[in-house]
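1. Just the structure for this:
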Amino acid sequence: MIYEKSLKTLEFDIIKAMLAEKCVCEAAKKQALDIAPLMDIDEAAHKINEATMAKDIIERSGTPPLPAMEGLALNIELAEKGVMLTADQLSEVARFALSAARMQKYLKKSETYDNDLSYYGNSMYDITELAEEIERSIRNGMVEDDATPHLKDLSRKIENGKSQMRTKLDSILRKNPIWFSEGFVAKRGEHFTLPVKQEYKTKVEGSVIDRSQSGATYFIEPSAAGKLRSELSVLEIDRQNEIIRILYTLTNTVCDYAKLIKANIEALEVLDFIFAKAKLSIDIKGNAPALSNKRHIRIINGRHPLLNPKEVVPLNFETGISKRALIGDSSDQNEHIKGIVITGPNTGGKTVALKTIGLLSAMAGSGLHIPADAGSEIPLNDYVLCDIGDGQSITENLSTFSSHITTIIQILELAGRDSLVLVDELGSGTDPAEGMGIAVAVLEELKRKNSLFVATTHYPEIKDYAASSQGLINARMAFDKESLKPLYKLEIGEAGESCALFIAKRLGLPEHMLKNAYEAAYSGAVKAKSGKEEASAEYKELFEGEGEIQAEEKRGTDSKRNTLKMEPVIREKKESKFNIGDSVRVYPDKQVGIIYALANEKGEFGVQIKKRKMLIKHKRLKLIVAATELYPPDYDFSIVFESVQMRKDKKQMTKHHDPNLVIKYE
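-> Okay, here's the model as predicted:
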């Protein structure tokens, strides 16, 4: 249960859906949706190599001509049971036979550049003779009139009979035009009739087939025409019997080829899935990872496959090797790193790093290419387990902390030496001191189980623990304090700061609140706590030096305070990233919305999506069209964001007081 939940958290199900979309036939799509990480290194390596060979063929020869084969296997099964195939079903068999031949030729080309996948074509059979046999008798889903000499003769006689009937009826029309309301032959069902005026209905010998709604016209089949129609009916029956005989004959021919057709279906289903992996690799700019039985992960310029490759910062990550090899530390050459503790700001990309490591591991273990440079190495894992996201559940009555602990317990029950464990915000959601204690206990247990693991945290005590504990190492997400922007770059070997005050400043926290927060965190009794003095030094540039917010030390003349007075000076206030009325795309769902409110102190913009208003972080927004291009100057946006009734109520309120009139805002 927790394993499947972890893979879903890592969005592996989305990767499987993307793979299925690349498949042509239903069987391959089902196989794509059923893939899962393997533990047999030879099997996983073979599947990755298949994708590599297929990608090479596509890049040299273009997209493979794979057939959809929808319903084909069922049609063959029906034919084998003696059920007559229709002309459409036989045409589908013929198209498949020709598609299989085209695929053989496509694979044959790749034999020249020594691609082993090309030899899959040798496992297929040439059944173009079957296609030719079917197409001699059937065109566009219909049996041709010249399919057999007998059918051709019957079709000719039927056409001649119809021609004679029309000639006879036309003759009657021309001889006595006054009898008829129209000057043409009218067909009613299978009957050829003449439109006779009511007053002349006794003049035409024959059978009344129909009458107009007004009753002024009778549609009469002349006796001579009735006799010809009877003869035509017999010919039509003979013709249909001949068509059925032809279809049964072709169905029996299909049965003769049934084994060869099934073999080709099986081969093409396999090829469809293999080429789908290659197409996915091309889409995500993937490469074949090296697989290893050693517990060693090396990701070179790895990218999360669901993020925009033009915007994502590549991840370089390595663990499962000696500390000396990892960071050049010669203090203990024998120390083998199995766990990494990542620290840094909330906006720094720690969670994305965790998901990238986990998702790429699951993809490689399932025989897929990964969006990372060649030379990346992934071990096979019996489980990729993760606790990412708050997991709060109303239906299960779980708080964030309870959900974390429940998930962690399940993870520890499964985790072993061949497992990869990823934990986000370890120990969060409860009292910091107790949360820190639980975090240390979890890390110790993962060490005891000898699992590979990566955890993120904000606790300074955990950083100290990782720095002094065998088999663990700190890492941080880089943060540019001059631009006050995260760099989304993982640096192994150093612990990072949460940079909460820097981020709060960038998001617009008022200067006096920033100062109060700093003093509360790093002065007096609080400052005396472990690690606070070092952290305080990290934040010194918030108020002095080259930062955006500068401070001067000056002695105040105010008798009430003779202490250090911090006076932040704002150099320049940045303009809002978006304006009201801007059309934006909201990620990750890529929904389109309109900005209805500027950013609050948390950096959240008001966005209306399909008449629903919500607050969304600016990082999830991307401008599509600016409001200046959509609306004239001084445009009244209440027309867009407020209902007609709300605007009426507002207008009414300006006129007089009405105690029963209430305007409700979302």
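
2. can you list the domains in the protein?
-> 9-127+257-283, 149-233, 290-498, 509-570, 583-655 (automatic domain parsing).

3. Sticking with residue 263, tell me its helix or strand.
-> Using DSSP states H and E, residue 263 falls within helix 258-283.

4. for whichever helix or strand comes after that helix, what is the average pLDDT?
-> Where DSSP H and E defines the elements, the next helix or strand beyond helix 258-283 is strand 290-292. For strand 290-292, the mean pLDDT works out to 93.

5. got the CA positions of the very next helix or strand once past strand 290-292 in CSV?
-> Downstream of strand 290-292, the next assigned helix or strand under DSSP H and E is strand 297-302. In CSV, the C-alpha atoms belonging to strand 297-302 read as follows (Å, rounded to 0.1, in the frame of the first residue of the first chain):
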residue,chain,number,x,y,z
ILE,A,297,23.2,6.9,-7.1
ARG,A,298,24.7,9.4,-9.5
ILE,A,299,22.4,11.8,-11.2
ILE,A,300,24.1,14.2,-13.7
ASN,A,301,22.1,17.2,-14.7
GLY,A,302,18.9,15.4,-13.9
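
6. Could you list every helix and strand in contact with strand 297-302?
-> strand 315-319, helix 350-365, strand 377-379 (3 or more CB pairs under 8 Å, 6 or more residues apart in numbering; DSSP states H and E). Placement of C-beta: from N, CA and C, glycine included.

7. who touches it?
-> Here strand 297-302 makes contact (CB atoms under 8 Å, 6 or more residues apart in numbering) with 314-320, 356-357, 360-361, 370-379, 420, 452.

8. before we move on, what about stretch 175-189?
-> Applying CB under 8 Å, 6+ apart, the contact partners of stretch 175-189 are 166, 169-170, 173, 192-197, 200, 203-204, 209-210, 216-217, 219, 221.

9. Show me those residues that map onto strands.
-> 192, 193, 194, 195, 196, 197, 209, 210, 217, 219, 221 (DSSP state E).

10. Show me the two of the residues you listed that sit farthest apart.
-> Maximum pairwise distance among those (CB to CB): 18.3 Å, between 192 and 197.

11. If you count surrounding residues, which of these two has more?
-> residue 192 (23 against 16; other CB atoms under 10 Å).

12. from what I can see the more buried one touches residue 166, true?
-> Yes. If you go by CB atoms under 8 Å, residue 192 and residue 166 touch, sitting 7.1 Å apart.

13. count of neighbours near residue 310?
-> Neighbour count for residue 310, taken as other CB under 10 Å: 5.

14. what does the model give it for pLDDT?
-> Reported pLDDT for residue 310: 85.

15. And residue 620, by the same measure?
-> 83.

16. I'd like the distance between it and residue 609.
-> 12 Å (CB to CB, to the nearest Å).

17. Spit out the residues that contact those two alike.
-> Common neighbours of residue 620 and residue 609, counting by CB under 8 Å, 6+ apart, are residue 586.

18. quick one: low-confidence ranges for the stretch 501-650 of the chain?
-> The stretch 501-650 of the chain contains residues with pLDDT under 70 at 522-576, 639-640, 642-650.

19. Please, where are all the helices along it?
-> Secondary structure of the stretch 501-650 of the chain (DSSP state H, counting those that start in this stretch): helices located at 511-522, 524-527, 532-538, 627-630, 638-641, 644-655.

20. One more: the stretch 351-500 of the chain?
-> Under DSSP H, counting those that start in this stretch, the stretch 351-500 of the chain gives helices at 400-414, 432-448, 460-468, 500-506.

21. picking up where we left off before, now list the buried members of the contacts of stretch 175-189.
-> For the contacts of stretch 175-189, a neighbour count by 16 or more other CB atoms under 10 Å gives the buried set as 169, 173, 192-197, 204, 209, 217, 219, 221.

22. Check the residues you listed and tell me the two furthest apart.
-> Across those, the longest distance by CB to CB is 18.3 Å; it joins 192 and 197.

23. from what I can see residue 322 touches residue 338, true?
-> No. Counting by CB under 8 Å, residue 322 does not reach residue 338; the two are 11.0 Å apart.

24. pLDDT weak spots in the stretch 301-450 of the chain?
-> Where the stretch 301-450 of the chain drops to pLDDT under 70, the residues are 329-334, 345-348, 390-399.

25. name the helices or strands packed onto the lengthiest helix in the chain?
-> Longest helix in the chain, counting residues (DSSP state H): helix 223-256. If contacts are counted by 3+ CB pairs under 8 Å, 6+ apart, helix 223-256 sits against helix 72-80, helix 87-110, helix 128-137, strand 142-143, helix 149-175, strand 191-197, strand 206-211.

26. List the buried residues for it?
-> Of all the residues in helix 223-256, those buried under the rule 16+ other CB under 10 Å are 224-226, 228-229, 232, 235, 238-239, 242-243, 246-247, 250-251, 253-255.

27. quick one: average confidence on that helix?
-> Taken as a whole, helix 223-256 has an average pLDDT of 90.

28. do stretch 138-148 as well
-> 90.

29. ditto for stretch 81-90
-> Here stretch 81-90 scores 94 as its mean pLDDT.

30. Can you point out the buried residues in that stretch?
-> 84, 85, 87, 89, 90.

31. who are the neighbours in contact with the residue of the chain most remote from its centre?
-> In the chain, counting by CA atoms, centre = their mean, residue 203 sits farthest out from the average C-alpha position, at 74.5 Å. The contact partners of residue 203, taken as CB under 8 Å, 6+ apart, are 176, 179, 196.

32. now residue 366
-> By CB under 8 Å, 6+ apart, the residues touching residue 366 are 35, 36, 37, 38, 44, 47.

33. So the last one is in contact with residue 367, correct?
-> To tie it back to what came earlier, the one meant is residue 47. Yes. Applying CB under 8 Å as the test, residue 47 and residue 367 come out as touching, 2.7 Å apart.

34. hang on, residue 35 packs against residue 367?
-> Yes. Shown here, residue 35 and residue 367 form a contact pair, counting by CB under 8 Å, at 7.2 Å.

35. what residues are shared contacts of the two?
-> Counting by CB under 8 Å, 6+ apart, nothing touches both residue 35 and residue 367.

36. Neighbours of the residue nearest to residue 126 when sequence neighbours are not counted, how many?
-> Excluding the flanking residues, the one nearest residue 126 by CB to CB, 6 or more residues apart in numbering is residue 101, at 6.3 Å. Number of residues near residue 101 (other CB under 10 Å) recorded here: 18.

37. Let me see the contact set for residue 101.
-> Contacts of residue 101 by CB under 8 Å, 6+ apart are 126, 127, 128, 131.

38. circling back: out of the domains of the chain, which comes closest to residue 1?
-> domain 290-498 (7.3 Å).

39. Tell me who's in contact with the nearest residue to residue 71 once chain neighbours are set aside.
-> Spatial nearest neighbour of residue 71, excluding adjacent residues (CB to CB, 6+ apart): residue 92 at 7.2 Å. For residue 92, the contacting residues are 71, 72, 75, by CB under 8 Å, 6+ apart.

40. Packed most tightly, which of the helices and strands packed on strand 297-302 would that be?
-> Ranked by mean neighbour count, these are led by helix 350-365 with a mean of 25 (mean count of other CB atoms under 10 Å).
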